[in-house]
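Q: fold the following, please.
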Amino acid sequence: MVIRNKKIRDVLRILIPFLVIPLAIFIAYKAFRQQHYSVTTLVVLVLSLLLFAAGYEKKKTGSRRMVLAAVMTALAILGRFIPYIKPMTALIILSGMYLGAETGFMTGALAAAVSNFYFGQGPWTPFQMFALGMIGLTAGFFSRPLKEKKLLLLVYGGFSGIVYSLIMDIWTVLWYNEGLVFELYKAAVLSAVPYTITYCISNVVFLAVLGRPIGEKLERIHVKYGI
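A: Numbering: from 1, shown residues only. All right, here's what the predicted structure looks like:
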């Protein structure tokens, strides 16, 4: 699907990740609580695909971009199976940087949803999809400085680990309580510190190792095919 009107594409690029998806997750939580999470997951997935379609400018380059997005998503899913230190988030960041913000969001959302067929689906899945999607989206927005300065990329990788943990801690509080209470959220954040440190280290290590080789290959494809 190609959305040809540029103004509509630009509006969708902002509204879907920053308003529509968070609102959909919030409404679903209020309506369903811990039940019917598969519906919420499906809604977030469809919206992620719509956001990706909003990034198409030409049908030809869009289809090529889809192939690359599928490859990066598959790699991110496989990366989650590596124990302890995982390259999943690093690959999502690289997807956003080199394939566009919309691709970064879709890669993160799809990687979370698909890998959870093995790790376990639940009401936490939409939160994971949103968290990883926003990390990929933001990497796309700031792709130029992240490409130019490796230190900035590593800092962003570490920061992404913190952001992911903070978003998932919202889910943790909602799981224990019917509403978001600051004291419970503070306790959840503090108890998750060891995991947050692991996320940060994983992102920094894998961006340091994979950033240049994967980036160079994606840049060559960009030059050759105009993606």
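Q: work out which residue lies at the spatial centre of this protein.
A: Geometric centre of the chain, nearest residue: Gly133, 2.1 Å, by C-alpha atoms, centre = their mean.
Q: show me what contacts it?
A: Gly133 is in contact with 17, 21, 48, 104-106, 108-109, 112, counting by C-beta atoms under 8 Å, 6 or more residues apart in numbering. (Each C-beta comes from the backbone N, C-alpha and C, glycine too.)
Q: which one of those residues is nearest Arg64?
A: Met106 (15.0 Å; C-beta to C-beta).
Q: filter the contacts of Gly133 down to just the ones in strands.
A: Using DSSP state E, no member of the contacts of Gly133 sits in strands.
Q: and the residues you listed, which is closest to Phe182?
A: Here the nearest of the contacts of Gly133 to Phe182, counting by C-beta to C-beta, is Ile21; it sits at 24.0 Å.
Q: in stretch 213-227, what counts as buried?
A: Across stretch 213-227, burial judged by 16 or more other C-beta atoms under 10 Å covers 214-215, 218, 221, 227.
Q: then stretch 180-195?
A: Residues of stretch 180-195 classed as buried by neighbour count (16+ other C-beta under 10 Å): 184-185, 188-189, 192.
Q: export that stretch to PDB, keeping only CA atoms.
A: In PDB, the C-alpha atoms belonging to stretch 180-195 read as follows (Å, rounded to 0.1, in the frame of the first residue of the first chain):
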ATOM      1  CA  LEU A 180      -0.400   4.200  38.000                       C
ATOM      2  CA  VAL A 181       0.800   5.200  41.500                       C
ATOM      3  CA  PHE A 182       4.100   7.100  41.800                       C
ATOM      4  CA  GLU A 183       5.300   5.200  44.800                       C
ATOM      5  CA  LEU A 184       4.700   1.800  43.200                       C
ATOM      6  CA  TYR A 185       6.300   3.100  40.000                       C
ATOM      7  CA  LYS A 186       9.400   4.300  41.900                       C
ATOM      8  CA  ALA A 187       9.700   0.900  43.600                       C
ATOM      9  CA  ALA A 188       9.400  -0.900  40.200                       C
ATOM     10  CA  VAL A 189      12.100   1.300  38.700                       C
ATOM     11  CA  LEU A 190      14.500   0.700  41.600                       C
ATOM     12  CA  SER A 191      13.900  -3.100  41.600                       C
ATOM     13  CA  ALA A 192      14.600  -3.200  37.800                       C
ATOM     14  CA  VAL A 193      18.000  -1.400  38.000                       C
ATOM     15  CA  PRO A 194      20.000  -4.600  37.500                       C
ATOM     16  CA  TYR A 195      18.000  -5.400  34.400                       C
END
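Q: what does it contact?
A: 165-166, 168-170, 172-174, 176-177.
Q: put the buried members of those into a ChimeraX selection.
A: Listed next is the ChimeraX selection for buried residues among the contacts of stretch 180-195, using 16+ other C-beta under 10 Å:
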select :165,168,169,170,172,173,174
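Q: okay, and which of the contacts of stretch 180-195 map to strands?
A: Using DSSP E, none of those sit in strands.
Q: all helices for the protein, in order.
A: For the chain, applying DSSP state H gives helices covering 6-15, 21-32, 37-54, 59-79, 88-99, 101-119, 125-141, 143-148, 150-176, 182-191, 193-225.
Q: now, of these, which is deepest in the fold?
A: Each of the helices of the chain was scored by mean neighbour count; the highest is helix 88-99, a mean of 28, by mean count of other C-beta atoms under 10 Å.
Q: brilliant, that's me finished.
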